[in-house]
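# I need the structure of the sequence given here:
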Amino acid sequence: MKRVAVLMGGMSSEREVSLRSGAGVAQALREKGYEVTELVVTQDLAALIQALTPKPDAVFNALHGPFGEDGTIQGVLDYLGITYTHSGVRASALAMDKAAAKAVFAAAGLPIAPHRVIEIEELAEGDPLPPPYVVKPLNEGSSVGVFIVREGGNSRAEIIKSWHFGPAMVEQYIPGRELTVGVLEDFALAVTEILPAEAFYDFTAKYAAGGSRHVVPAQIPDEVTAEAKNIAVAAHRALGCRGASRADLRYDEDTNRLILLEVNTQPGMTATSLLPEQAAYTGMDYPTLCAWMVERAACRG
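This is a model prediction of the structure:
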């Protein structure tokens, strides 16, 4: 029987989501016959290392956000020589840093929106891009701290006042439909269209019951589906991802263009998460998906 430690919690703004993901994963792996230990991660690194002694056969990384998704915990596990799920240090760090990720995507010839990195105080001087544009943290996930600034809006001062994320990325707002594609190694699962209950697919829309509706497969032309899948797999490869990832895109029907927004190397694994939903659509149930990740765990130390 393989012994698996599931890491959950962490220190980011996505802690509660991680706890839910981790609890679901732990139950699913037990159903598959694994011996599972649930480890709630805090700021006490020494305690975590002690909890990982003796070494488990594998770690299922269910952490999200800074320290769990940005290469930090991946480096610790590499140092300890413990195999773990999802991407390694380099891919995790690149994907989490939105500016670095976009540089990789651009070099790979993938379609991205015009953007720039600013200090948030620059918003007081005027619009850094022609509105509408999106303001987002460089190193957060789950739409935490994301704002849309529209023509004639006066939200810049409020954004500055509430900001606590360090440098910001401003990116041209792409109108159209919200699409996402899950990838398992070199295989794109499906294209899902996300229809939020409100106008913007924010943190609540992602994780609250009824916050959004998922249409899988997305009702889009076949050629657009194929292109979205190709972009997702190409982005996964360009970053050097391993195991599972999920690419978020916008589809502008008026111009018939797809724009790659970002890649998530630690896709959510809650009951409302997109990756398990897409896996189920292809015939892979939730416990099987979790076991697939564990069996492909690796150490890149």
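
# what's the host helix or strand of Ala100 in contact with?
Of the helices and strands defined by DSSP states H and E, Ala100 is found in helix 98-107. Residues from elsewhere that reach helix 98-107 (CB atoms under 8 Å, 6 or more residues apart in numbering): 93-95, 112, 115, 117, 136, 138-139, 169, 235, 238-239, 260, 262-263. Bear in mind the C-beta positions are built from the backbone N, C-alpha and C, glycine included.

# likewise for stretch 33-45?
With CB under 8 Å, 6+ apart as the criterion, stretch 33-45 contacts 1-11, 19, 22-23, 26, 29-30, 48, 51-52, 56, 63, 68, 73, 76, 291, 294.

# could you turn the buried ones of those into a PyMOL selection?
The buried residues among those can be selected in PyMOL (16 or more other CB atoms under 10 Å) with this line:
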select buried, resi 2+4+5+6+7+8+9+10+11+19+22+23+26+29+48+52+56+63+68+73+76+291+294
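
# in helices, which of the contacts of stretch 33-45 appear?
19, 22-23, 26, 29-30, 48, 51, 73, 76, 291, 294 (DSSP state H).

# report the beta-bridge partners for Phe188.
No, residue 188 isn't Phe; it's Ala. Val183 (DSSP bridges).

# which of the ones in helices among the contacts of stretch 33-45 sit farthest apart?
Arg30 and Val76 (25.0 Å; CB to CB).

# okay, the closest residue to Tyr84 other than its chain neighbours and Lys161: tell me how far apart.
Nearest residue to Tyr84, sequence neighbours excluded (CB to CB, 6 or more residues apart in numbering): Val59, at 4.1 Å. Val59 sits 40 Å away from Lys161, taking CB to CB, to the nearest Å as the criterion.

# what do you get for Tyr286?
From Tyr286 to Lys161 the distance is 41 Å (CB to CB).

# which one of these two is surrounded by more residues?
Tyr286 (20 against 8; other CB atoms under 10 Å).

# how about the more buried one, what does it touch?
24, 28, 276, 279-280.

# hmm, try it at 10 Å
24-25, 27-28, 31, 269, 271, 273, 275-277, 279-280 (CB atoms under 10 Å, 6 or more residues apart in numbering).

# and Met269, that one's in a strand?
No: according to DSSP: H, G, I helix; E, B strand; the rest coil, Met269 belongs to no strand; its state is coil.

# shouldn't it be in contact with Ala244?
Yes: assessed by CB atoms under 10 Å, Met269 is found in contact with Ala244 at 9.2 Å.

# quick check: neighbours shared by those two?
275, 289, 293.

# in TSV: those, plus pLDDT, neighbour count and distance to Gly81.
Putting the shared contacts of Met269 and Ala244 into TSV (pLDDT from 0 to 100; neighbours: other CB atoms under 10 Å; distance: CB to CB, whole Å) gives the following:
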residue	pLDDT	neighbour count	distance to Gly81
Leu275	97	26	28
Leu289	96	22	26
Met293	97	25	19
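
# how's the chain carved up into domains?
For the chain, automatic domain parsing gives the domain ranges 3-86+291-295, 94-112+175-283, 116-172.

# just give me the neighbour total for the residue lying closest to Ser92 once chain neighbours are set aside.
Nearest residue to Ser92 in three dimensions, chain neighbours excluded: Gly71, at 4.2 Å (CB to CB, 6+ apart). A count of nearby residues for Gly71, using other CB under 10 Å, gives 22.

# isn't Gly71 up against Asp97?
Yes: with contact defined as CB under 10 Å, Gly71 counts as touching Asp97 (9.4 Å).

# give the contact list for the closest residue in space to Glu151 that isn't next to it in sequence.
Among residues not flanking Glu151 along the chain, Pro131 sits closest, at 4.6 Å (CB to CB, 6+ apart). For Pro131, the contact set (CB under 10 Å, 6+ apart) comprises 148-153, 156, 172-173.
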